[in-house]
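Colleague: quick one, structure for this:
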Amino acid sequence: MDGGPARAAGTVHLAESVDALTRTMAELVCGEIPRDPFLIVGQQSMTDPSRQPVGRETAWAYTHVPHPERSPVSTDPGVIAKLVDTMEELVFRPVPGLGRAETPIRALFLASASAYPGGGVHGGPGANAARAVVLHDRLRRSVDRVRRSR
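Modeller: Okay, here's the model as predicted:
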């Protein structure tokens, strides 16, 4: 399968099927941790190509848990860890726990709760990743200029 219309969508919900997505939403509304959670993935270049350098891509992903008022279990660290494990089976997570935006993979930067300053600081890891990308790009350009001047 080539992905069809999903390749051009700005946001994609990844689930086994529409029925599975519906079941997951029903579990969330009932205050349950989803048995088969879905992943929401944003492909920014599809709606705004200026959000990343030409020829590059940026993306983000997340899932849902029940609101703590509906389900105190949604704040249980063991339950959340199990949910994280399930989500990591759906998506490649480059280097969990590195604590920085940089990864060992060239030009791949991490902007998730596992990057500084961590979860609960909305936008913080993404802002740090963006700064790291700009810094690395400037350094690369400087090195290229020095090489060309030799």
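Colleague: avg pLDDT for the strand or helix carrying G78?
Modeller: Per DSSP states H and E, G78 falls inside helix 77-90. If you average the pLDDT over helix 77-90, you get 79.
Colleague: that helix: what's the following helix or strand?
Modeller: Heading C-terminal from helix 77-90 (DSSP H and E), you reach helix 124-149.
Colleague: that older thread, CA-only coordinates of the helix holding G78 in CSV, if you can.
Modeller: Written as CSV, here are the backbone C-alpha positions of helix 77-90 (Å, rounded to 0.1, in the frame of the first residue of the first chain):
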residue,chain,number,x,y,z
PRO,A,77,3.2,5.5,36.2
GLY,A,78,2.9,1.8,35.6
VAL,A,79,-0.1,2.2,33.4
ILE,A,80,1.5,5.0,31.5
ALA,A,81,4.7,3.1,31.0
LYS,A,82,2.7,0.2,29.5
LEU,A,83,0.9,2.6,27.2
VAL,A,84,4.3,4.2,26.2
ASP,A,85,5.6,0.7,25.4
THR,A,86,2.6,0.0,23.2
MET,A,87,3.0,3.3,21.3
GLU,A,88,6.7,2.7,20.8
GLU,A,89,5.8,-0.5,19.0
LEU,A,90,3.9,1.7,16.5
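Colleague: got the contact list for it?
Modeller: 14, 33-34, 37, 39, 63, 65, 73-74, 96 (CB atoms under 8 Å, 6 or more residues apart in numbering). Every C-beta, even on glycine, is put in place using the N, C-alpha and C of the backbone.
Colleague: pull out the buried members of those residues.
Modeller: Neighbour-count burial (16 or more other CB atoms under 10 Å) is assigned, among those, to 14, 33-34, 37, 39, 63, 65, 74.
Colleague: endpoints of stretch 11-21, how far apart?
Modeller: End-to-end span of stretch 11-21 (CA to CA, to the nearest Å): 15 Å.
Colleague: same thing with stretch 5-14?
Modeller: Start-to-end, stretch 5-14 (CA to CA) is 13 Å.
Colleague: tell me which residues of it are tucked away?
Modeller: Neighbour count says stretch 5-14 has 12, 14 buried, by 16+ other CB under 10 Å.
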